[in-house]
Every structure is written in structure tokens, then in C-alpha cells.
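**Q** My questions are about this predicted structure, shown below with the sequence.
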Amino acid sequence: MNYSPGKDLVPVTALTREHNLMVVNPEIPAKNLKEFITYAKNHPQTLSIGSPGAGSPAHLAGELLNKMAGLKMQHVPYKGSGPAISDLLANHISVMIDNMPPLLPHVLSGKLHALGVPSSKRAEALPNVPTFEEQGLNGYVIMAWKGLMVSKGTPEPIVRALHDAAIQVLKRPDIRKRLTELGAEPEGNTPEAFAKQISEETRWWADMIKQTNVSVN
């Protein structure tokens, strides 16, 4: 990128927290995370996990699962979630761990099977799908988020006005209902709290990259 998010952008507020979701093609004989891990260990180096691209959060999520569960799934990077999901539906790859919104319609239609959510609690959009921690994979919690930021140098009154407007929108029942249906949770915090969130998660992801030895090459 030709800019630095940490230096060139100013946090306004976190808008949503988005659940991730682990899904498999129905050809994989696993109904939950435990069954999948057992199946994967019995079929080493035969399963492939797709992601929207090398170095993406979904890629890192898969490598973390490999490390924590002792698996050897082969990573297959795509140029976006759409092509990866298409190949998962066609059974060209075995599994994905990605943001819930693009996967949710295929789970609800029965074309993909949901095995778990790597969140601190279950998603309201899929209340019957347990978390990874509920299924014994303790410490595996990865949620995506979307936030509002502005260019460095934006006058403080404008930053506050944007913040207040965003918070008001996030409080609307219709907006909250729609976001929940898509697998997201309305957030809304102060610019200071959002800046702290970004800083803490940047360090967390950096540490995870070191632990999993992920490379974009």
C-alpha cells in the first residue's frame, strides 16, 4: 500500500464485529469441528483450505487451525472470497474459514455445512452452530471487524461529528437487526477505544504470523 494505516489514518469508531465461520463441502463426512479434525488427521495432506488470498485473515485462520489442531491442510489462495466459495461449492477445495456474511446463504440453503464459529460466543445468525472453544479448541478466537477512519489532519470537530452520526445509526433497531442477520454485531466505540483496539490487534496478528510462519509467497 502507498499509505500507512497507523500513520496516515485517524480512527473514528469500530462499526461492527463480524463472526467468522468454518464451512466444508457436504462431501466431507464431518458434522462438527471434532469430527473434522479426526477426519483430517486420518487423511493427512489430502485436504485443502481456501482463502481470499495469501496473507489474508482467512489464510492466517487456516494456518492457526493447522498449528493448534496438528493438521496439515494445504492452503489454496484465491483472488477474493467469491472464487474461493465457488470452488468450495464445486468440491475443488475442502474447507474455508472466512467472514460469515458471504458464506451464510450457502449454509442456510444446505450447500455448505457449518462446523463452528471461532468467536467468543455463538452468532445470533446461526445459534445452533457452536464456537470452537465449545468444541474443545481453547484459545482459538478470531473475529473480523469493520471501522470508520478518516485522513490524518481531519479537524477534530469533524471526527466527532462523524463518530456521533455513526453511533446514532448503529443504535437504530432496523440496522442492528439487519447486521445481526448477516452475521455481524453492531459495535460503536470512541475514537480512543478504536485506536487501542487497532493497536492491540495489530500486535496480536503480528505474533500469530510469527507463530505460524505464514508467508505471502
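**A** Looks like it came in fine. Remember, it's a predicted structure, so these values are computed and weren't measured experimentally.
**Q** Show me how the record splits this structure into domains.
**A** By the assignment in automatic domain parsing, the chain contains the domains 5-15+143-209, 21-135.
**Q** What mean pLDDT does stretch 177-196 get?
**A** Mean per-residue pLDDT for stretch 177-196: 92.
**Q** Of all the residues in it, which ones are buried?
**A** 179, 182, 183, 184, 185, 186, 187, 188, 189, 191, 194, 195 (16 or more other CB atoms under 10 Å). Every residue, glycine included, has its C-beta placed from N, CA and C.
**Q** Not counting the lengthiest helix in the chain itself, show me its contacts.
**A** Of all segments of type helix in the chain, defined using DSSP state H, the longest is helix 191-212. Outside of helix 191-212, the residues within contact range by CB atoms under 8 Å, 6 or more residues apart in numbering are 5-6, 10-14, 57, 60, 63-64, 66-67, 145, 147, 159, 163, 189.
**Q** And that helix, what's buried?
**A** If you call a residue buried by 16+ other CB under 10 Å, then helix 191-212 has these buried ones: 191, 194, 195, 197, 198, 208, 209, 212.
**Q** and the residue nearest to residue 130 when sequence neighbours are not counted, helix, strand or coil?
**A** Nearest residue to residue 130, sequence neighbours excluded (CB to CB, 6 or more residues apart in numbering): residue 116, at 5.8 Å. With DSSP: H, G, I helix; E, B strand; the rest coil as the basis, residue 116 sits in strand.
**Q** on that earlier part again, JSON lines for the buried residues of helix 191-212, including distance to residue 29?
**A** Listed next are the buried residues of helix 191-212 as JSON lines, based on distance: CB to CB, whole Å:
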{"residue": "191", "distance to residue 29": "48"}
{"residue": "194", "distance to residue 29": "43"}
{"residue": "195", "distance to residue 29": "46"}
{"residue": "197", "distance to residue 29": "39"}
{"residue": "198", "distance to residue 29": "41"}
{"residue": "208", "distance to residue 29": "30"}
{"residue": "209", "distance to residue 29": "32"}
{"residue": "212", "distance to residue 29": "27"}
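**Q** For the residues you listed, name the two members farthest from one another.
**A** The distance between the two most remote of the buried residues of helix 191-212 (CB to CB) is 31.6 Å, for 191 and 212.
**Q** that older thread, out of the contacts of helix 191-212, name the ones that lie in strands.
**A** Among the contacts of helix 191-212, the members falling in strands (DSSP state E) are 10, 11, 12, 13, 14, 145, 147.
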